Structure formats: C-alpha cells, structure tokens
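Colleague: Sequence and predicted structure are below.
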Amino acid sequence: MAATALSPTMEAKLSKSPGKLGMLVFGVVLTAGILFAAVNLISDLSGVRSSSTFAYLLLGVALLTALGFEFVNGFHDTANAVATVIYTHSLEPHVAVVWSGFFNFLGVVLSSGTVAFGIISLLPVELILQVGRGAGFAMVFALLVAAIIWNLGTWYFGLPSSSSHTLIGSIIGVGIANQLMATTTGTSGVDWAQATNIGKTLLISPVVGFVGAGLLLLVTKVLVPDKRLYQAPVGDTPPPMWIRALLVGTCTGVSFAHGSNDGQKGMGLIMLILVGTVPLAYALNHAVTARESQEFVMVSNQAAESLSHYVSPNAVIGDARDDVTAFIRTRSFNANTMLALRTLVSDIGNEMAIYKELKHVPADRTPNFRNDMYLVSEALRLIQKSGQPAFAAADVAVLTNYKKHIDQATKFIPMWVKVSVAMALGLGTMVGWKRIVVTVGSKIGKDHLTYAQGAAAEITAMVTIGAADWFGMPVSTTHVLSSGVAGTMAANHSGLQWGTVRNLAMAWVLTLPASIVLAGFLFWLFRHLGG
C-alpha cells in the first residue's frame, strides 16, 4: 500500500526553512552550551599534569564520537516526539523541534544516571577496569561507531530504528568478541542475566505501546464524546485550543521522558572515556565533601562488620581484588568471595581514613582506588540480586546505605557532560527530524492521524518511558511511539500500511544481530590496530 499522500500544505510546512531569527537564537544557545562544556572541561583538567599529548587527542576524538552517537540518536528518537504535533498542525515544525529540544534538554539535565550506569554494567568487567588501556578504548570506539553506522543507515531509509536496541546489541557484540578472543585467560563476555532483563524491556515495550495506545483511544471515545477530538485536521487549521494544549502537553512529556532515558546512554559511555583518559580528574567524585568522606569511613566499618557475619570459616585469604573480580565475571559465589569482599571494604575504608577526602587520593592510587570501589559495588549488587547468601534485614539496611555512599563516589555525571549530550541530541533533531516524522505521521496508517490518535500514542509513550526510567531500564522511544501510532490505527479501524509495518518490524528484528556482528568485528579490528 502506498504511503498516505502529503497535502500541499504539509509538504510546504515540512520543506520550509527556519527563519533567520530562529537560526540566530539556536546558534547562540548552541555556542553557549559549547562554551559551558569547554570551560568546565578545561577547569577540570587544569589540575591534571600529563606529558602525553596523545592522551588529550584521544580524549577529544572519543568525546566527539560519543557526542556523534547522541547526535544521530536525535535523528531518530527525538523526531518521534514531534511527529504528532506537526501532523495535527498543533505546532509549526520548527517551533515543535525547538520546543521538543528544550524539554529533551531538561530531561537530560535532571536525569538520575541510573540508566547510564545500568548500561555500563553489561560490559565485561575487565574492560571496565582497564578502560584507559588499548582494550578498553577498543571497546568504547567499537560500541559507538557500530551504533552510529546502523543508526545512520536506518535513518537514511526513514526507518524509526531504536538507538537503545542498537547500543545493547553493540555491547553484546563486544562482550562475545572479548570472550572469543581470549579463551585461555578467563575473560568475561556478556552479563546475560542483565542483558535478558533489558532485552525483555525492549521486547515488551512495543507491545505495551501498541496495546496501551489502542485501549486508551477506545476508552477516550467512551469518556470524551467530543467529535472534534476524533477528526483528522482540515487544511492547516490548528485544532481547538483544549485539543491543541493536550497534544502539545503530550509532546512535552515524551520529549522530557526521552531526554531523561535516552540521553543517559551516551552519558555513561562518556564517563567511561573520561575515567580512562584522565582518571585523576574523573575517576572519583571530587564534589564529595570532607564531612561526607568521614561519614563514608564510618559506614565502611559498619559494612565490614555486617559482612563478617557471613564469612565462612573455610575461607582462605588470597588476593581480594582477584577473588571479587572472578565472582563478578563468573557469578560463581564460593567460600572465599565474602572474605575477599569484606577485605576490600575494610581496605577502602582504611585508605579513605588516611586520605580524608577523595580529591586527596594520590594520582598513582586513583585508578585502583576507583576500581576497588566499582568491584565492591557490583559484587554487592549481584549478591543481593541473587539472594545468596541471604542477608538479615539489619545487614541489608547497612549494606544498602554503604552502596549508596560508594556509588556517590564513583557513579557521578558532571553537569557539563549532561549539557553536551543535550546539545548533541537537540542538534541532531534539528538536522534530521524530517525523514522519521514523515514515516510516523503518514506511512504507518492508511488514514491521516487524528487528534485523539496522536494524543493516545504520545501519552502511552510518555508513561512507558517514564516508568522505564524510574526502574533504571533503557527503553526505545522509537518502538513505543511507532507501535502506539499503529495501535491507534488498528483500534480506529483506519487500517495499517503493512509495507511500512513490515519494514519497521524488519528493522527491529535485524538491529540486534546486525549491531552484534558489526560491534564484534570493530572490536576485533580496533584491538589489532591498537596492538
């Protein structure tokens, strides 16, 4: 079935260039964002003494690549948020894009970082611990380049492919390649338990979008009998004010939710890059105060005492770091694991008591100090998740409080990183929004999108993405919103353009294996090129 023909009015709107004033304002905002990020980065690096120019060159290339991923992400996911308000004439296209970009920015800036570090936990543990070396950089570049290539390809054909889906596939590809390339050294591959949970979220979310939006439309028809809500736009006349407010409000919610969830994926990788290239500045959170540092020492002692209750008398003292790393890599808990974990917790607390503040940790100790903290945090997460051993309620409270303090020291995202990601998302939307908007607005259903259909799809997407962000799980804005539009078309008996649906489904099915193979190959290539 051919795509729904664009009206001359809509064609003219989509083809219209932004005005000079709008371009000037956007240029000023973009320049301010770049200056803010640059000034803060330079300030952070001012206390770092490095004799290697190559390290800074590598930092610049890696940051540009990571921001390039978010720029391409803006082509896809952010464009979905504005499709309904554009096709219902609720907002002019360029006004809609700017409006959406602003609330994407707010979503990114106010995000918690939970999704960012949830993504990182999927990566092989030894690559995270050695992110400043060749293998670690090969991992980061393979992830980003693979995601950019696939996202650009699907954008070119106007297919709303998922950046989340692509990045997860790339992580799996790197994990598999890492395991295959070093079968004799016990390196780890993919955290399949975590990957399965994320995979379920990505699998279920389109179904939620389709069913949820369709049901919401049917319920709305019963509760809100105003016939104007269920009509398609006539000419370029905006809808009645209350309907227009509804559609703009839902666009706002989806944009904010998207920034809050999707923006975090790039943030997590940027933090890995910063930790790898300039650990003295970014491995530890220097914003942690002296009082909080001393509180951390006290909490560490409490955590060590709680862990002592579960140390087996058969445990043998070995290398604590190696034993905990082995547990995280294999998920195999043995008698030595708890003793090693308690030892690491005690050592971290004792060192913190000596240094007084995180910013006073010596340069030569910073990478290992951070790695020990990361290992302890991940080990506690996995032990509590598995329920083995079963902690008493009082000990759970102590260890949860301890993990909160240790994560504060290592799992942080500077404001300039958030601003940079937000700018990259916004710029990507400004450049590449049109292809995806046309697909969502006119190529999924046989009839023009009605006001109610647009609102139902947006509300479903907003709620679904917001819930995923609350639970720290990545979800695809593209999949949820596209399937939501399809669900409203089916519920309204408008008919679906099965050619488009087939292409969307094909992109959804192929994204995972394609990104796995592409990232795995690039990881192998970069490892060999980098020695």
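Modeller: Sure thing, it's come through.
Colleague: Tell me how far the residue nearest to S170 when sequence neighbours are not counted lies from V509.
Modeller: Computed as C-beta to C-beta, 6 or more residues apart in numbering, the closest residue to S170 that is not its neighbour in sequence is A519, at 3.7 Å. Bear in mind the C-beta positions are built from the backbone N, C-alpha and C, glycine included. Applying C-beta to C-beta, to the nearest Å, the value for A519 to V509 is 17 Å.
Colleague: The two: which is more packed in?
Modeller: A519 (31 against 10; other C-beta atoms under 10 Å).
Colleague: correct me, but the more buried one touches I149?
Modeller: No: A519 is not in contact with I149 according to C-beta atoms under 8 Å; the separation is 9.6 Å.
Colleague: check contacts around the residue nearest to F523 when sequence neighbours are not counted.
Modeller: Excluding the flanking residues, the one nearest F523 by C-beta to C-beta, 6+ apart is A142, at 3.9 Å. Taking C-beta atoms under 8 Å, 6 or more residues apart in numbering, we find A142 in contact with S170, G173, V174, A177, A519, G520, L522, F523, L525, F526.
Colleague: which residues does the second one contact?
Modeller: Looking back up the chat, that one is G173. When contacts are counted by C-beta under 8 Å, 6+ apart, G173 touches A142, A146, S515, I516, V517, L518, A519, G520, F521, F523.
Colleague: Derive a ChimeraX selection command for the buried subset of those residues.
Modeller: If you want just the buried ones from the contacts of G173 in ChimeraX, going by 16 or more other C-beta atoms under 10 Å, the selection is:
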select :142,146,515,516,518,519,520,523
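Colleague: Mind putting the contacts of G173 into a markdown table with distance to L339 and secondary structure?
Modeller: Listed next are these as a markdown table, based on distance: C-beta to C-beta, whole Å; DSSP: H, G, I helix; E, B strand; the rest coil:
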| residue | distance to L339 | secondary structure |
| --- | --- | --- |
| A142 | 36 | helix |
| A146 | 40 | helix |
| S515 | 40 | helix |
| I516 | 38 | helix |
| V517 | 42 | helix |
| L518 | 42 | helix |
| A519 | 37 | helix |
| G520 | 37 | helix |
| F521 | 41 | helix |
| F523 | 35 | helix |
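Colleague: Low-confidence ranges, the stretch 351-500 of the chain, go.
Modeller: Along the stretch 351-500 of the chain, segments meeting pLDDT under 70 span 432-448, 472-474, 495-500.
Colleague: what ranges do the helices span in it?
Modeller: 366-386, 393-410, 415-442, 451-470, 477-491, 498-529 (DSSP state H, counting those that start in this stretch).
Colleague: relative orientation of the longest one and helix 477-491 in degrees?
Modeller: Spelled out, it's helix 498-529. Per axes from the mean of the first three to the mean of the last three C-alpha atoms, to 10 degrees, the angle that helix 498-529 makes with helix 477-491 is 170 degrees.
Colleague: For helix 498-529, which helices and strands make contact with it?
Modeller: Contact analysis of helix 498-529 by 3 or more C-beta pairs under 8 Å, 6 or more residues apart in numbering; DSSP states H and E lists helix 134-156, helix 163-181, helix 477-491 as its packing neighbours.
Colleague: for those, which one ends up most surrounded?
Modeller: Across the helices and strands packed on helix 498-529, averaging neighbours per residue (mean count of other C-beta atoms under 10 Å) puts helix 477-491 on top, at a mean of 29.
Colleague: Return the list of helices and strands in contact with that one.
Modeller: Using 3+ C-beta pairs under 8 Å, 6+ apart: helix 477-491 touches helix 79-87, helix 192-223, helix 241-277, helix 415-442, helix 451-470, helix 498-529.
Colleague: Could you export the ones you listed as a markdown table, including distance to I128?
Modeller: Putting the helices and strands packed on helix 477-491 into a markdown table (distance: least, C-beta to C-beta, whole Å) gives the following:
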| stretch | distance to I128 |
| --- | --- |
| helix 79-87 | 31 |
| helix 192-223 | 13 |
| helix 241-277 | 7 |
| helix 415-442 | 18 |
| helix 451-470 | 23 |
| helix 498-529 | 14 |
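Colleague: wait, which of the ones you listed is closest to K385?
Modeller: helix 192-223 (8.1 Å; C-beta to C-beta).
Colleague: and the closest one, what's its mean pLDDT?
Modeller: The predicted model gives helix 192-223 an average pLDDT of 81.
Colleague: chain center to it: distance?
Modeller: Centroid displacement of helix 192-223 relative to its chain, using C-alpha atoms, centre = their mean, to the nearest Å, is 19 Å.
Colleague: Please renumber the chain so that the first residue is 59 from this point on.
Modeller: Okay, using 59 as the starting number, the last item reads as helix 250-281.
Colleague: and it, what does it pack onto?
Modeller: So helix 250-281, by 3+ C-beta pairs under 8 Å, 6+ apart, packs with helix 221-239, helix 509-528, helix 535-549.
Colleague: Next, format these as JSON lines and append distance to Y432.
Modeller: Listed next are those as JSON lines, based on distance: least, C-beta to C-beta, whole Å:
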{"stretch": "helix 221-239", "distance to Y432": "17"}
{"stretch": "helix 509-528", "distance to Y432": "23"}
{"stretch": "helix 535-549", "distance to Y432": "29"}
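Colleague: I'd like to know which of those is closest to L457.
Modeller: Per C-beta to C-beta, nearest to L457 of the helices and strands packed on helix 250-281: helix 509-528, 22.6 Å.
Colleague: got the angle between the closest one and helix 299-335?
Modeller: Using the same axes, to 10 degrees: helix 509-528 against helix 299-335 is 30 degrees.
Colleague: who wins for proximity to N162 among the helices and strands packed on helix 250-281?
Modeller: helix 535-549 (10.2 Å).
Colleague: Would you mind giving the orientation angle of the closest one with respect to helix 192-214?
Modeller: 30 degrees.
Colleague: Count the residues that sit near L440.
Modeller: The tally of other residues near L440 (other C-beta under 10 Å) stands at 18.
Colleague: how near is it to I386?
Modeller: From L440 over to I386 (counting by C-beta to C-beta), the distance is 7 Å.
Colleague: One more: G105?
Modeller: 32 Å.
Colleague: got a markdown table for the contacts of A200, with pLDDT too?
Modeller: Listed next are those as a markdown table, based on pLDDT from 0 to 100:
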| residue | pLDDT |
| --- | --- |
| S228 | 88 |
| G231 | 88 |
| V232 | 87 |
| A235 | 87 |
| A577 | 92 |
| G578 | 91 |
| L580 | 94 |
| F581 | 91 |
| L583 | 92 |
| F584 | 90 |
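Colleague: which among the residues you listed gets closest to A271?
Modeller: Ranked by distance to A271 (C-beta to C-beta), the contacts of A200 are led by S228 at 29.0 Å.
Colleague: Now do the contacts for that closest one.
Modeller: S228 touches A200, L201, L202, A204, A205, S573, I574, L576, A577, counting by C-beta under 8 Å, 6+ apart.
Colleague: was I right about the fourth one contacting A577?
Modeller: Yes: contact between A204 and A577 holds when scored by C-beta under 8 Å: they sit 3.8 Å apart.
Colleague: Overlap in contacts, these two.
Modeller: Both A204 and A577 are contacted by G227, S228, G231, under the criterion C-beta under 8 Å, 6+ apart.
Colleague: ok, now how distant is the first one from E128?
Modeller: Right, the one you point to is G227. Distance, G227 to E128, by C-beta to C-beta: 17 Å.
Colleague: Show the contacting residues for L305.
Modeller: Contact analysis of L305 by C-beta under 8 Å, 6+ apart lists T142, V143, T146, S148, P297, Y509, G512, A513, E516.
Colleague: what's the farthest-apart pair in those residues?
Modeller: Among the contacts of L305, the pair separated by the greatest distance (C-beta to C-beta) is P297 and E516, at 13.9 Å.
Colleague: picking up where we left off before, tabulate the helices and strands packed on helix 556-587 in a markdown table, adding columns for distance to A315.
Modeller: Converted to a markdown table, those look like this (distance: least, C-beta to C-beta, whole Å):
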| stretch | distance to A315 |
| --- | --- |
| helix 192-214 | 20 |
| helix 221-239 | 13 |
| helix 535-549 | 8 |
